[in-house]
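Q: Fold the stuff below for me.
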Amino acid sequence: MRIPLVSKLVATIALVPVLAAGQGRWVPPRCDIKPGHFLVNSSVLYLKNAAETRFDEQREKDLRDAQRTLLQAVTSGGQDKNPAAWYYLARYYVVRDDVAGADSAFKKAEELAPACRDDIVFWRRNNLWIPTFNAGISALNAGTYDSAIVLFRRALAVYDGEPQTYTTLATAFFNAGQYDSAAVYFRQTVRAASAPKDSVVKRDALFNLGNSFFMAQQRDSAAAVYAEYLTLVPNDVQALARLGDMLLTADRKDTAFAVFRSILALGDSVDPVDMINAGVSIYNAAPPYPDTAVLSANCRNERRGGRTLTAAQRRPIVVACDSVAGQVMKDRNAAAQTNYQLAAQAFEAGLRRAPQSRDGLFNLSNTYLALRESDKMIEIAKRLIVVDPMSRGSIRLMAMAWQLKGRTDSALHYITIADSTLPVEMGVSRFSPGDSSVTIGGMVTNFHETGSAPHKIVFEFLNASQTVAATQTLEVPALDAGASHPFQLQVTGVGIVGWRYRKE
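A: Residues are numbered from 1 along each chain as shown. The predicted structure follows:
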């Protein structure tokens, strides 16, 4: 089963820096800050010339001269208390992309000239924070979380006026598996997002704060945050499902199942993907399977008490302890039954609106297996194979459905397909629908001990009415034994919500 633990992460934010020194024109100060000394005045002229010249060699010369005169001014020139000297030194560092140098010089300029705070904030945000933040976004999207963390921390150090910095830093920590740190910065986001325009950012940060506590095994904190979030978004099924999970962990079963049933009561008003994800949470909240072998062994050791027993003396102990372990398993299955029944209802509700959902069909098949409902499992497994016909996992589910029904011949037929006659295995691991396009990707694997021939696989992309909105053919090359071929397709189409494929 699949569930996205953080499903409301910040998307890529495209921010464009304003035109500044060194980019084609000179931007004068937006506050009354005068050079007040010939060295500082000379540096301003050098910076202005560097910004406006068309020649690289001249720009470099002017920048070197600006640096020389500014450093001379604040060291031996007696201008260390002149705010303009520090302000223009910071402007020099901005052109050089020296974030630390610009940050330090702007701090000194603002201390000496508080009236220039707004102008300094302008430079901090547009010329220090935005480039650093965007670099962090690129690292985050590329999955290089350590680099993203460094960049977002640097962005936060130079300008802390944007809640996005906190939430993206939290996201990088979460994706890196550092859940305690993620919780710290999601909480900071909640506190920083006080403006009306940041209401969505605040709401999503609160949800992900709960997810961070959930992953850090801080169950009480997670439950409290999900409950707080639900006061803002009462019918969010993901938060309701997590809250139910937390309540079950706290042994508050009646309250937990009441929460789960409230999800199902929302019916078709819920996005089908959210309903399917809620079903995953309900399914996963079932009690874990006990290790009956360990239970039985511990029981035998305890009853034997260190004595050396004959086979006849051991036999009743073994029978009694196996019975104890068997009862523990029965109790577990009885307790899990309600979870599986409610999960099945959630998957069924999601599939009513998204009948081609591969995850919905796969999860419902597994749930019917847990419920021992062979006829229903066969029906759903057939639909699953229509959507995902070259997945060994899908085919094996059909085999298990027939075995559950007692039809070993049919079960063997599908096991043979999965293990022998299927030419390659198709694994779709990524499906990202957008407003006007969709991306799908995964891996084609030759699991045989001999090479495979080339294949053509036709993907059909479906809209909400389950009609084909777009198609694209995947060319799979010949693969050596055990080799894999990654793929990614992108097609244009409005309203695409699902996919299926077939071998041409």
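
Q: correct me, but Val476 touches Val444?
A: Yes: between Val476 and Val444 a contact is recorded at 5.0 Å, counting by Cβ atoms under 8 Å. Every residue, glycine included, has its C-beta placed from N, CA and C.

Q: got a list of what the closest residue to Asn339 other than its chain neighbours touches?
A: Excluding its sequence neighbours, the residue lying closest to Asn339 (Cβ to Cβ, 6 or more residues apart in numbering) is Ala286, at 3.8 Å. Contacts for Ala286 were tallied using Cβ atoms under 8 Å, 6 or more residues apart in numbering; they are Ala335, Ala336, Asn339, Tyr340.

Q: Now with 7 Å, please.
A: Ala336, Asn339, Tyr340 (Cβ atoms under 7 Å, 6 or more residues apart in numbering).

Q: what residues are up against the last one?
A: This points to Tyr340. Counted by Cβ under 7 Å, 6+ apart, Tyr340 has contacts Tyr283, Ala286, Thr367, Ala370, Leu371.

Q: hmm, 10 Å instead?
A: Ile282, Tyr283, Ala286, Asn333, Asn366, Thr367, Tyr368, Leu369, Ala370, Leu371, Arg372, Glu373 (Cβ atoms under 10 Å, 6 or more residues apart in numbering).

Q: Tell me the secondary structure of it, please.
A: At Tyr340 the chain is in helix, as set by DSSP: H, G, I helix; E, B strand; the rest coil.

Q: For Pro316, see how far away it is.
A: 35 Å (Cβ to Cβ, to the nearest Å).

Q: before we move on, what about the second one?
A: Remark: distance between Asn339 and Pro316 (Cβ to Cβ) = 36 Å.

Q: The first one now?
A: Shown here: Ala336 relative to Pro316, a distance of 30 Å by Cβ to Cβ.

Q: okay, those two: which has more neighbours?
A: More crowded of Ala336 and Pro316, by other Cβ atoms under 10 Å: Ala336, with 19 against 10.

Q: check contacts around that one.
A: Counting by Cβ under 10 Å, 6+ apart, Ala336 makes contact with Tyr283, Ala285, Ala286, Pro287, Pro288, Tyr289, Ala343, Ala370, Leu371.

Q: With secondary structure and pLDDT as new columns, can those be given to me in JSON lines?
A: Output for the contacts of Ala336, formatted as JSON lines (DSSP: H, G, I helix; E, B strand; the rest coil; pLDDT from 0 to 100):
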{"residue": "Tyr283", "secondary structure": "helix", "pLDDT": "89"}
{"residue": "Ala285", "secondary structure": "coil", "pLDDT": "83"}
{"residue": "Ala286", "secondary structure": "coil", "pLDDT": "87"}
{"residue": "Pro287", "secondary structure": "coil", "pLDDT": "87"}
{"residue": "Pro288", "secondary structure": "coil", "pLDDT": "87"}
{"residue": "Tyr289", "secondary structure": "coil", "pLDDT": "87"}
{"residue": "Ala343", "secondary structure": "helix", "pLDDT": "92"}
{"residue": "Ala370", "secondary structure": "helix", "pLDDT": "93"}
{"residue": "Leu371", "secondary structure": "helix", "pLDDT": "95"}
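
Q: pLDDT wise, what is Pro389 at?
A: pLDDT for Pro389: 96.

Q: since we're on it, how many residues are nearby?
A: 17.

Q: how about the residue nearest to it when sequence neighbours are not counted, what does it touch?
A: Leaving aside its sequence neighbours, Pro389 sits nearest to Arg502 (Cβ to Cβ, 6+ apart; 6.6 Å). By Cβ under 10 Å, 6+ apart, the contact list for Arg502 reads Val386, Val387, Pro389, Met390, Lys456, Ile457, Val458, Phe459, Glu460.

Q: Give the bridge partners for Arg502, please.
A: Under DSSP bridges, the beta-bridge partners of Arg502 are Val458.

Q: mind checking pLDDT for it?
A: Looking at Arg502, the pLDDT reads 94.

Q: quick one: it from Gly306, how far?
A: 64 Å.

Q: can you check Gly451 too?
A: In this structure, Gly451 and Gly306 are 59 Å apart, going by Cβ to Cβ.

Q: These two: which is more packed in?
A: Between Gly451 and Gly306, Gly451 has the larger neighbour count (other Cβ under 10 Å), namely 12 against 6.

Q: residues touching that one, list them.
A: Ala478, Leu479, Asp480, Ala481, Gly482, Ala483.

Q: Show the pLDDT at it.
A: Listed pLDDT for Gly451 reads 96.

Q: Identify the residue spatially nearest to Ser410, adjacent ones excluded.
A: Nearest non-adjacent residue to Ser410, counting by Cβ to Cβ, 6+ apart: Trp402, 3.8 Å away.

Q: Please verify my assumption that that neighbour contacts Ile415.
A: Yes: applying Cβ atoms under 10 Å as the test, Trp402 and Ile415 come out as touching, 9.5 Å apart.

Q: which residues do those two both contact?
A: Thr408.

Q: Can you tell me the element the residue nearest to Ser410 falls in?
A: helix 392-405 (DSSP states H and E).

Q: any idea how far Tyr289 is from the nearest residue to Lys405 once chain neighbours are set aside?
A: Nearest non-adjacent residue to Lys405, counting by Cβ to Cβ, 6+ apart: Ser374, 3.9 Å away. The spacing between Ser374 and Tyr289, counted by Cβ to Cβ, is 21 Å.

Q: and those two? which has more neighbours close in?
A: Between Ser374 and Tyr289, counted using other Cβ under 10 Å, the more crowded position is Ser374 (18 against 11).
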